[in-house]
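A.B. asks: dropping the sequence and predicted coords here.
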Amino acid sequence: MSTLLHDVASAVALQSVVQANSLSEDGSTIVDMIDSDGACFAIQSIGQLSSSAFLGKFQESSDRINWTDIPGGSFEPVKGLNSLQIISFVRSQRYLRYQYIFEDGDLASCFGSVVLATQKKLVP
């Protein structure tokens, strides 16, 4: 099944996973994907960066306790200012979360946001 751009408002579930003025601690949101199906896409926007690199990725879980990386769910490392990246991946578990680390450790920070989108389940 496909979703056209004009269908986004009614057929796509959008979730702001991280939206912060300063990402300096892991403040990711666990997202329950029970109302959506399969394939996802995510947009990561990183502005000012106080580290030499920023690494962001999505993980999935069936129980909200044990997490595994999603194949194709990692963004390319950000090594400068004003990075905008879009990835697509297929999830197989109910819960998703966004994880990030700074190459320089805990004292680094940046400005950024991450939006997750997927198609809503269609109930006949």
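C.D. replies: That came through fine.
A.B. asks: wait, doesn't Lys120 sit right on Asp35?
C.D. replies: Yes. Between Lys120 and Asp35 there is a contact at 6.1 Å, judged by C-beta atoms under 8 Å. C-beta here means a position set from N, CA and C on the backbone, and glycine is covered the same way.
A.B. asks: so for those two, which residue has more residues nearby?
C.D. replies: Per other C-beta atoms under 10 Å, whichever of Lys120 and Asp35 has more neighbours is Lys120, with 14 against 10.
A.B. asks: can you list the weak-confidence ranges in the protein?
C.D. replies: Counting by pLDDT under 70, the chain shows low-confidence ranges at 1-28, 106-107, 124.
A.B. asks: list the buried ones in stretch 117-124?
C.D. replies: Of the residues in stretch 117-124, Ala117, Thr118, Gln119 count as buried by neighbour count, 16 or more other C-beta atoms under 10 Å.
A.B. asks: likewise for stretch 42-54?
C.D. replies: Ala42, Ile43, Gln44, Ser45, Ile46, Leu49, Ser51, Phe54.
A.B. asks: contacting residues around Asp32?
C.D. replies: If you count contacts by C-beta atoms under 8 Å, 6 or more residues apart in numbering, Asp32 has them with Arg94, Tyr95.
A.B. asks: so what touches the strand ranked longest in the chain?
C.D. replies: Determined from DSSP state E, the single longest strand within the chain is strand 36-49. With contacts defined as C-beta under 8 Å, 6+ apart, strand 36-49 is touched by 13, 17, 54, 56, 58, 73, 75, 78, 80-91, 96, 98, 108, 110-122.
A.B. asks: do the same with stretch 68-77
C.D. replies: Around stretch 68-77, the neighbours that count as contacts under C-beta under 8 Å, 6+ apart are 42, 44, 53-61, 85, 87-91, 93, 96, 103.
A.B. asks: now, of the residues you listed, which are buried?
C.D. replies: For these, buried by 16+ other C-beta under 10 Å: 42, 44, 54, 56-60, 87, 89, 91, 93, 96.
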